[in-house]
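Engineer: 3D, please:
(chains A and B)
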Amino acid sequence: MMINFILNDQKVASTAKANERLLDILRTEFACTGVKCGCKEGECGACSVILDGRLVNSCMVAMGHVEGCTVMTIEGYRKTERFAALDTSYASVSAVQCGFCMPGMVLASECILAKNPNPTEAEIREGISGNLCRCTGYNAIVQAISIAAKEGEGLW
Amino acid sequence: MENISGSIKKKDHEAKINGSALYVDDHVMGGMLYGRLLHSAKAKARITKIILPELPEGYLIVDKNDVTGVNRVAIIIHDTPVYADDAVEYIGEPILMVVGPDNQVVEKILHKIVVVYEEQIPVLDMLTSDTVFFDYKYTKGDMDKALAEADRVFIETFQTGYQEQAYLETQGLIAYPQDGRMTVRGSMQCPYYVHSAVANAIGCEGKDVQIIQDVTGGGFGGKEAFPSILACQVAVAAKKANKPVKVIFNRREDMEFTSKRHPSLSTYKVAIKNGEITGMDIDVLFNSGAYTTLSAVVLQRGLICANGVYRIDNLRVGGRAVKTNTVPCGAYRGFGAPQTFFAVEMIMDHIAKEMGLDSLELKEKYMVKQGDSTSTSGKYHFHVPLPEMIQRIDELTDYRAKRKQYQQQIGRYRKGIGLSMFFHGCGFTGSGERDIIKAVAKIRKNPDNTVEILASNSDIGQGLKTTFCKIVADTLGISYDQVYIDNPDTDRVPDSGPTVASRSLMTVGGLLQRAAEKLKKEWQDGKEQVIEEHFVEPDFVIPFNLKNFSGDAYPTYSWSVNAIEVEVDTLTAMTKILGAWGIFDVGVPIDMNIVVGQMEGGFLQGIGYASMEQMDYNDKGIIRNNSFSDYIIPTAVDVPNLVAEMMNNPYTHGPYGAKGAGELPLVGAAPAYVEAMENALGANLNKVPFTPEDAMKILQGVNT
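Structural biologist: Numbering: from 1, shown residues only, chains lettered A, B, ... in the order given. Sure thing, here's the model as predicted:
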């Protein structure tokens, strides 16, 4: 049986089994290699995607659950104006180091700002606390998100 | 601050933020097979029999019999087997690899293999080890006399645990044969280390091996030596299969079976006469694990740093890295120094308490200054900015006042503040750079006047592509966009040494600056020009002699003072970090954002090491904390008040005045944190990590 869902604004159908991980299917069947595998147990957030508007660890989502859902990965998100604002703000503080957490971190940033266009620092930190970064110490990422909130006025 | 320090968009920003950067696991090659290792389930055993299931078409087993070269990985001492011979020395030692086109089938085969072991009693406690891999001793002054004349001798032992690098991208490589050559690509810090290891293991000449670094998701030392081991295993498999083979570790495998920071025990005997510290007699023990890997050099750095930033006239330092049947330890940011810096900072604190002083008063009395002699009778050739760093920390934190205020506290919530001062010796220990590495770097100007940097150093997140390009562009007086650098490929770049020891920017960046100066003079529009530069040791350096640890172990030092303030809930033992401040001198920052990012990231890793990163093995030798669920690293909410400030103290021999930056910020967090916990708890503490469980033990002890 096919599993139908919307991936990055396109209708797609997957032949995956219901118990396969969304993470693996996105990477192998749909070549969304921007979705990174860091731990496969829902702890690191490198595989974050936006599922029906919510940030989820795609390693913890079974394909059976995805039927009829909307999935956004970095491959789709990078075409948006909101991404462009985050791209600029992350660059301005050099928040990208090894980069492995970045696609997930950017999608987490989107979810924070979509919920609250003017988050406090504490809210930003809470919002990315499910996404581990071993390089930056997080300050630059937090700064990047608050710059995007300010500079991207009206986008969220 | 200098012009060069202004920040610029990083060369690798775009591809990494938009998810188009390809890490090793993102590559798929035609006909590619997947490999998974069978790891030893016993800490010490002879393998008497391996029972294999029937293999489906297209699947194969790779083991020691397939190693066409030497079944040993070339690291420093070649003792690590590529695949286990007939014995295993730790849980996780690779015995064989299952290779095939479908990863899930490979996994199933792996689970069906039965290994029959003849178990032996493993040595798990480093104190009972009967094998000393490395044993060093050095002295300065007359320690025996200092001890004999002492009014009292202060003795204490300090303990530090494992630390897991926890880079976000696990270890992974792909190997493929092509036209009689072997190519290995993937996640790594040091392509030329991998190059010689692979040539040795498959038994071919260096020219028949090509190593390519892919975009690498962090290393912190964990990808210094380990990729050499995995590369040999994958290359042997690819040679046997005659097809590309990809191996990507899962997180548990990565945490359990790859190298981590050496656990340590350091015993300090401090001689005191008439209220003065007259000597330190220091004994250091590192748990090397089952093989030697990099333990020799990790131990050397640990020992050289054993007296911290203090002027101690009589010194006897000895240390051993010993074998146990546990996972081999290796490089980790700080490389032996965080262990001994923790010990020396804590002993100074404890001695100060005995003398009725605050630890800062005692530390200030003994801290070194320019011109003083180092532990190895070398010299601090350059300005030591510790006094102004302490002043700045005090301005930022009100350290001196708070420290006193927190002496006497009652009530449920108690605060504490602690301070550490430390250095990181920049570059390889001793004469390694001059005698072993002999770095070469090149720049090539193309006919279109773009300039390519050719060096073997890898950008693993620390921003090297950006800083290298800035140095070359600025020196040539051309635009940053005209200069570019690709990931190192040993077919294209000379051996400019590994990406380790806080040397890449200071040493190789210096070669690039020289090359650019030369090119600027000889610049011819529209022509191709190649400039090559070779390492030359600065003339002020007092040659280092490893036999008796004498001379300049490092040409220069990066300096730092850290302070950390905590609040402990005495009911639950949960601890909040109220603030963490670091003042760092890494010479002139070649891009302020990048340097601040290094300092903040390293400082937070150090705070993790100090407070929460607990890893241990059980009585069978199995690492118990093998996942991100069990081994906790800091998240964005754990230390929200972390501050990193730079102090500009240029190094005359570094490019634009820069010196080593990568490792420094991890070195001093542990003593600052544990001093703060002491201040809050009113007890002497001597271990890291110091977790809430440890705090609870102290609190219960105090209360009963």
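Engineer: hmm, stretch B:598-608 touching chain A?
Structural biologist: Yes. Residues of stretch B:598-608 contacting chain A under CB under 8 Å from any CB of the partner chain: B:600-605. Where C-beta positions appear, they are placed from N, C-alpha and C, glycine not excepted.
Engineer: buried members of those residues into ChimeraX, please.
Structural biologist: Here is the ChimeraX command that selects the buried residues among these (16 or more other CB atoms under 10 Å in any protein chain shown):
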select /B:600,601,602,603,604,605
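Engineer: in JSON lines, list the residues of stretch B:598-608 next to chain A along with distance to residue B:400, secondary structure and pLDDT.
Structural biologist: Below are the residues of stretch B:598-608 next to chain A laid out as JSON lines (distance: CB to CB, whole Å; DSSP: H, G, I helix; E, B strand; the rest coil; pLDDT from 0 to 100):
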{"residue": "B:600", "distance to residue B:400": "25", "secondary structure": "helix", "pLDDT": "98"}
{"residue": "B:601", "distance to residue B:400": "29", "secondary structure": "helix", "pLDDT": "98"}
{"residue": "B:602", "distance to residue B:400": "26", "secondary structure": "helix", "pLDDT": "98"}
{"residue": "B:603", "distance to residue B:400": "22", "secondary structure": "helix", "pLDDT": "98"}
{"residue": "B:604", "distance to residue B:400": "25", "secondary structure": "helix", "pLDDT": "98"}
{"residue": "B:605", "distance to residue B:400": "28", "secondary structure": "helix", "pLDDT": "98"}
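Engineer: dump the residues of stretch B:598-608 next to chain A into CSV; add distance to residue B:92 as well.
Structural biologist: Shown next, in CSV, are the residues of stretch B:598-608 next to chain A (distance: CB to CB, whole Å):
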residue, distance to residue B:92
B:600, 33
B:601, 28
B:602, 28
B:603, 31
B:604, 28
B:605, 24
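Engineer: in which helix or strand would I find the spatially most central residue of chain A?
Structural biologist: Centroid check for chain A by CA atoms, centre = their mean gives residue A:107 as the closest residue, at 2.8 Å. According to DSSP states H and E, residue A:107 maps onto helix A:102-115.
Engineer: residues contacting that helix, please?
Structural biologist: Around helix A:102-115, the neighbours that count as contacts under CB atoms under 8 Å, 6 or more residues apart in numbering or on different chains are A:34-36, A:45-50, A:53-55, A:72-74, A:77, A:82-83, A:86, A:90, A:96, A:119, A:123-124, A:127-128, A:130-131, A:133, A:141, A:144-145, A:148-149, A:152, A:155-156, B:16-17, B:19.
Engineer: quick one, phi psi at the residue in chain B positioned nearest to chain A?
Structural biologist: Nearest residue of chain B to chain A: residue B:19, at 2.4 Å (CB to the nearest CB). The phi/psi pair for residue B:19 (degrees, to the nearest 10) reads phi 80, psi 10.
Engineer: can you count the residues close to it?
Structural biologist: 24 (other CB atoms under 10 Å in any protein chain shown).
Engineer: what helix or strand does residue B:360 sit in?
Structural biologist: For residue B:360, the host element (DSSP H and E) is helix B:359-366.
Engineer: so what secondary structure elements neighbour that helix?
Structural biologist: With contacts taken as 3 or more CB pairs under 8 Å, 6 or more residues apart in numbering or on different chains; DSSP states H and E, helix B:359-366 sits against helix B:337-355, helix B:386-397, helix B:399-405, strand B:413-425.
Engineer: which stretches of chain A have low pLDDT?
Structural biologist: Across chain A, nothing is flagged by pLDDT under 70.
Engineer: show me the domain layout of it.
Structural biologist: A:3-76, A:80-151 (automatic domain parsing).
Engineer: ok, which of these comes nearest residue B:664?
Structural biologist: Of all these, it is domain A:80-151 that lies closest to residue B:664, at 13.8 Å by CB to CB.
Engineer: distance of the residue nearest to the centre of chain A from residue A:65?
Structural biologist: According to CB to CB, to the nearest Å, residue A:107 stands 18 Å off from residue A:65.
Engineer: do the same with residue B:237
Structural biologist: From residue B:237 to residue A:65 the distance is 36 Å (CB to CB).
Engineer: and what of residue A:95?
Structural biologist: Distance from residue A:95 to residue A:65, by CB to CB: 32 Å.
Engineer: cool, and residue B:415?
Structural biologist: Taking CB to CB, one finds residue B:415 at 47 Å from residue A:65.
Engineer: got it, and residue B:498?
Structural biologist: Applying CB to CB to residue B:498 and residue A:65 gives a distance of 45 Å.
Engineer: neighbour count winner among those two?
Structural biologist: Comparing residue B:498 with residue A:65 by neighbour count (other CB under 10 Å), the higher total belongs to residue B:498, at 24 against 15.
Engineer: assign residue B:670 to helix, strand or coil.
Structural biologist: Of the three states, residue B:670 takes helix under DSSP: H, G, I helix; E, B strand; the rest coil.
Engineer: picking up where we left off before, excluding its backbone neighbours, what's nearest the residue of chain B closest to chain A?
Structural biologist: Leaving aside its sequence neighbours, residue B:19 sits nearest to residue A:34 (CB to CB, 6 or more residues apart in numbering or on different chains; 2.4 Å).
Engineer: for residue B:555, what are its contacts?
Structural biologist: So residue B:555 contacts B:381, B:426-427, B:537-538, B:540-541, B:653 (CB under 8 Å, 6+ apart).
Engineer: rerun at 10 Å
Structural biologist: B:378, B:381-382, B:425-428, B:433, B:506-507, B:537-538, B:540-542, B:544, B:651, B:653-654, B:659-660 (CB atoms under 10 Å, 6 or more residues apart in numbering or on different chains).
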